[in-house]
Structure formats: structure tokens, C-alpha cells
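**Q** model the structure of this input:
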Amino acid sequence: MTGSSLRYLTKEGFRNVWTNRMMSLASICVLMSCLVLIGSAAMVFLNIDSLLERIEEENVVMVYLEDETTQDQITDMENQIYALDNIKEVEFVSKEVAWEEQLSTMGAAEAEFFKDVSSDIPLPNAYKVTVANLDQFDKTVEELNGLEHVDIIRENKDLAQKLVAIRQGISVIAIVIVAVLFLISLFIISNTIKLTVYSRRLEISIMKSVGATNSFVRFPFVVEGMILGVLSGAISLGLVWGLYELAITQFGDLFAELKLSAITFADYALPMLGVFILIGIVCGVGGSLVTMRKYLNKEGSEISNV
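**A** Coordinates of the predicted model:
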């Protein structure tokens, strides 16, 4: 195919979008509906995943040190903890700071009583350790227990296991829902394109009658499918964004009461746009190619009589 033919067929693809604007609009609306459902479901699951991550960050391991541990040993322990695998963050909590926090939770009279009873602080120094991957939680706790100068370790193994199970379950549900919506989108859009191609069977018949090759006939439809896919993806992103911001506004007070914060849509807008456009192009181009195969295998007169 020469460069002039390629330019001509590309222009034909753009022209066909406008010439058959009613069918083009129908294809865009159908694909947009499916993409908006996929995008909305994705944002729900992304927010759930973000909430789980915040809960995981609260599921820390408290490593309490022996009373006789020196300052040099404390510093060396921090390096040893960081050297372990699966460590995300390590924070030293001195017994003085911990004691002040404990007193702040008491009433004024009760706090004054404990201060008067003894000047000694009844708490040990500790490290607050945040693990990176809860799947390796047990192994990490075992490694921390093996370090020198560790008195006791406080952890919540049950919560860690529940969070891992919830995350895995949500991942499976998200994949299934998105896959089902994608298959529904492909089915609906291919049927819509089938009507489009059928309504233009005379055009295909004329092109075949004058000796046009299959690739020559097919190319404008491919270009048209790409255009419809890109338009559907871009418009769908705007709709999902608007619906998401509206939902955040409507439920803002509820989020504030529960001390929750929704993720920012802008952080995911570009990847979602890419996915939407890719799905749109696959549905548009794929649907066109599959549907046209029936007509491209016939001669011109046979097509016009279908």
C-alpha cells in the first residue's frame, strides 16, 4: 500500500465517522456506558485497597528492649532491624516519650499521683516496626525475636492474617468484575458495529466490485474503529472523573466522621485514560475486523444481496 493510498484511506476513515454519525454516536454511547462502569468499579476497589494499606500501616510490631540495653546497643539494634528483609519503617520510641503519652491519657489527678509515687519510668525503650509485606509477617516477627537485647515483642498476628485474606479476596473480585464488564463491552460493541457494517454493505459491495483488495476495504473501518475508541475513552474518563468527584462531595461528611480520605483521581487519570483508549481501540477495531470477515469473503454482488 503506497503512501498516497494510506493517506486517502485514513481520510476516508475520518470522513466515515462524520458521514455515518448516527451509528458512530451509537457506538460511542454503548462503549462509553461500559467504560464508565469499568472505571467506576476500578475507583471503588482502588479506594478499598488504599484503606487496607492504611490499616496495614497501623498493624505494627512493637519490639521492647531489655532495661540494661545501652545507647550504643540501641543504635546498633536499629541498623540490625533495617538490615532485615520486609522492613518498611523503624521508629524508636524512648521510654520517656512513651511515659508522657501514657500520662496524657489519664486524668490530671491520676497522672499527678503516678508522678508523685516514683520518679522511675515503668516502661522500656522500644522500636515500632512497620512491615512491608504482611504475607511474610510471621517470618519477620521470628527474625525480630532472634535479635539481641529484645525483651518481648507485641504483635497482632490475627489482624495481619485477616488483612491478607481480605486483600486477596478483593483482588479476585476486582479482576472478575472488570473481566466480566470487558466481555460485556466487547459483545455489545461488536453487535453495534455489526449493524454499522451491515448498513454499509452496499458501500463495501461497490468497492469489491471495482477490484478493491480486502485490506483496502478494511483499512477505513480500522481507522474508524480507532477514532471511536479514542473518543469513547477520552469522554468516559471525563464522566468517571465527574461522577467520582460528585460522590466524594456527597459523602464528604461521612468520610470526615469515619476519619477516612478518598484517593485523588488525578493520580490515576493518565493510566485510566490509557486503559480506556486501549479497550476502546480493541473493541472498535476488533469488532470491525471480525464483523467484516463475513462480507470480505464474498463478491460484490453477493454482498449487496445479503
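**Q** separation between the closest residue to residue 143 other than its chain neighbours and residue 135?
**A** Spatially, and ignoring its direct neighbours in sequence, residue 143 is nearest to residue 84 (5.2 Å; C-beta to C-beta, 6 or more residues apart in numbering). The way it works is simple: take the backbone N, C-alpha and C, and place the C-beta from them, glycine included. Residue 84 sits 15 Å away from residue 135, going by C-beta to C-beta, to the nearest Å.
**Q** next one: residue 162
**A** 13 Å.
**Q** all strands for the stretch 1-150 of the chain, in order.
**A** Using DSSP state E, counting those that start in this stretch, the strands of the stretch 1-150 of the chain run over 61-65, 87-93, 126-131, 150-154.
**Q** and the second one, what does it pack onto?
**A** Yep, that's strand 87-93 we're talking about. helix 71-83, strand 126-131 (3 or more C-beta pairs under 8 Å, 6 or more residues apart in numbering; DSSP states H and E).
**Q** list the contacts of residue 234.
**A** Taking C-beta atoms under 8 Å, 6 or more residues apart in numbering as the criterion, residue 234 is in contact with 273, 276, 277.
**Q** spatially nearest residue to the residue nearest the centre of the chain, not counting backbone neighbours?
**A** Residue closest to the mean C-alpha point of the chain, counted by C-alpha atoms, centre = their mean, is residue 46 at 4.9 Å. Of all residues not flanking residue 46 in the chain, residue 263 sits nearest, at 5.9 Å (C-beta to C-beta, 6+ apart).
**Q** can you count the residues close to the one you found?
**A** 15 (other C-beta atoms under 10 Å).
**Q** using the three-state scheme, assign it.
**A** Here residue 263 is recorded as coil under DSSP: H, G, I helix; E, B strand; the rest coil.
**Q** low-confidence ranges in the stretch 51-200 of the chain?
**A** For the stretch 51-200 of the chain, residues meeting the criterion pLDDT under 70 lie at 55-59, 102-103, 106-122, 157, 159-160, 185-186, 188-197, 199-200.
**Q** please enumerate the helices of it.
**A** 71-83, 95-104, 108-117, 137-145, 157-199 (DSSP state H, counting those that start in this stretch).
**Q** can you check which of the strands of the stretch 1-150 of the chain gets nearest to residue 284?
**A** Nearest of those to residue 284, taken as C-beta to C-beta: strand 87-93 at 43.2 Å.
**Q** partner strands of that closest one and their direction?
**A** Here strand 87-93 is paired, per DSSP bridges, with strand 126-131 (antiparallel).
**Q** out of the helices and strands packed on strand 87-93, deepest packed?
**A** Counting by mean count of other C-beta atoms under 10 Å, strand 126-131 has the highest mean neighbour count of the helices and strands packed on strand 87-93, with a mean of 20.
**Q** burial of the closest residue to residue 170 other than its chain neighbours, as a residue count?
**A** What sits nearest to residue 170 in space, not counting adjacent residues and going by C-beta to C-beta, 6+ apart, is residue 48, at 5.7 Å. Other residues within reach of residue 48 by the criterion other C-beta under 10 Å amount to 15.
**Q** next helix or strand past the helix or strand containing residue 208?
**A** Under the criterion of DSSP states H and E, residue 208 resides in helix 201-209. Sequence order places helix 214-250 as the next helix or strand after helix 201-209, per DSSP H and E.
**Q** okay, the angle between that following helix and helix 201-209?
**A** 150 degrees (axes from the mean of the first three to the mean of the last three C-alpha atoms, to 10 degrees).
**Q** so how far is the helix or strand just after helix 214-250 off the chain centroid?
**A** Once the chain leaves helix 214-250, the next helix or strand it forms, by DSSP H and E, is helix 252-257. Remark: helix 252-257 is offset 23 Å from the chain centroid, using C-alpha atoms, centre = their mean, to the nearest Å.
**Q** that older thread, can you list the contacts of residue 234 in JSON lines and add secondary structure, neighbour count and pLDDT?
**A** Formatted as JSON lines, the contacts of residue 234 follow (DSSP: H, G, I helix; E, B strand; the rest coil; neighbours: other C-beta atoms under 10 Å; pLDDT from 0 to 100):
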{"residue": "273", "secondary structure": "helix", "neighbour count": "19", "pLDDT": "91"}
{"residue": "276", "secondary structure": "helix", "neighbour count": "25", "pLDDT": "87"}
{"residue": "277", "secondary structure": "helix", "neighbour count": "20", "pLDDT": "88"}
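**Q** nearest to residue 216 among the residues you listed?
**A** residue 277 (26.1 Å).
**Q** could you find the closest non-adjacent residue to that closest one?
**A** Distance criterion C-beta to C-beta, 6+ apart; nearest residue to residue 277, sequence neighbours excluded, is residue 233 at 3.7 Å.
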